[in-house]
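Participant: coords please:
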Amino acid sequence: LTQLLSAGIRGVKDVDSNIKIMMHLDRCNDLDVNTWWVDGVLGQGVMFDILGESCYDQSGYQQPSSSWAPMFATLVTRYPNLQFVVAEYSTQKQMVQDLMFNLPNKRGLGTFIWEPTSFSERAFDSSGQAIASYMTIYENVAATYGRR
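Facilitator: Predicted coordinates for the structure are as follows:
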């Protein structure tokens, strides 16, 4: 795995050495798995810039959401050279935004909705227009946290 990851990173860096590399895990509630995986790839010389996490509060996913902030707090301390992103989420919108944008030293870069056109909540209609009621949270995030 580390050979494949390293080859992919080299390919990206050959195109533009300024592109940031993100690794994405789906264990927003599992500190042990996160540290095992990150320590493992870093220990094998795989260098990346951002750790992305999936954070879902629905049954069967990365619940409970109460475990997310303590996990990120530990990761921020343990990996001082990494930045962080919530690469997938759905519910708990304000909490996830607050979590990312309140990490120390602006190390939380932001969030992504996994599939805003069809996952459990649609941010865009079938013609690609934003659904206004859905987008209010992001207007509030921009006003609260500004551009980074």
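Participant: how about the chain, which residue sits the furthest from its center?
Facilitator: Taking Cα atoms, centre = their mean, the residue of the chain most remote from its mean C-alpha position is Ser127, at 27.2 Å.
Participant: Okay, and the closest residue to Leu1 other than its chain neighbours sits in which element?
Facilitator: Leaving aside its sequence neighbours, Leu1 sits nearest to Val41 (Cβ to Cβ, 6 or more residues apart in numbering; 7.7 Å). C-beta: built from backbone N, CA, C; applies to glycine. For Val41, the host element (DSSP states H and E) is helix 31-43.
Participant: which other helices and strands contact that helix?
Facilitator: Under the contact criterion of 3 or more Cβ pairs under 8 Å, 6 or more residues apart in numbering; DSSP states H and E, helix 31-43 touches strand 22-25, strand 50-55, helix 68-78.
Participant: So for Ser133, what's the pLDDT?
Facilitator: We note a pLDDT of 77 for Ser133 in this prediction.
Participant: Just want to check the distance between it and Ala123.
Facilitator: Here the criterion is Cβ to Cβ, to the nearest Å. By it, Ser133 lies 10 Å from Ala123.
Participant: who has more neighbours, the two?
Facilitator: Ala123 (16 against 7; other Cβ atoms under 10 Å).
Participant: Test my guess that the more buried one contacts Pro116.
Facilitator: Yes - Ala123 lies in contact with Pro116 (Cβ atoms under 8 Å); the separation is 3.7 Å.
Participant: Any stretches of the protein with poor pLDDT?
Facilitator: Residues of the chain that meet the criterion pLDDT under 70 lie in 59-60, 118-120, 147-148.
Participant: residue boundaries of the helices in the protein?
Facilitator: Ranges of helices in the chain, per DSSP state H, are 2-15, 31-43, 68-78, 93-101, 132-145.
Participant: okay, these, which one's buried deepest?
Facilitator: Ranked by mean neighbour count, those are led by helix 93-101 with a mean of 19 (mean count of other Cβ atoms under 10 Å).
Participant: Report the angle between that one and strand 50-55.
Facilitator: Computed with axes from the mean of the first three to the mean of the last three Cα atoms, to 10 degrees, the direction of helix 93-101 lies at 160 degrees from that of strand 50-55.
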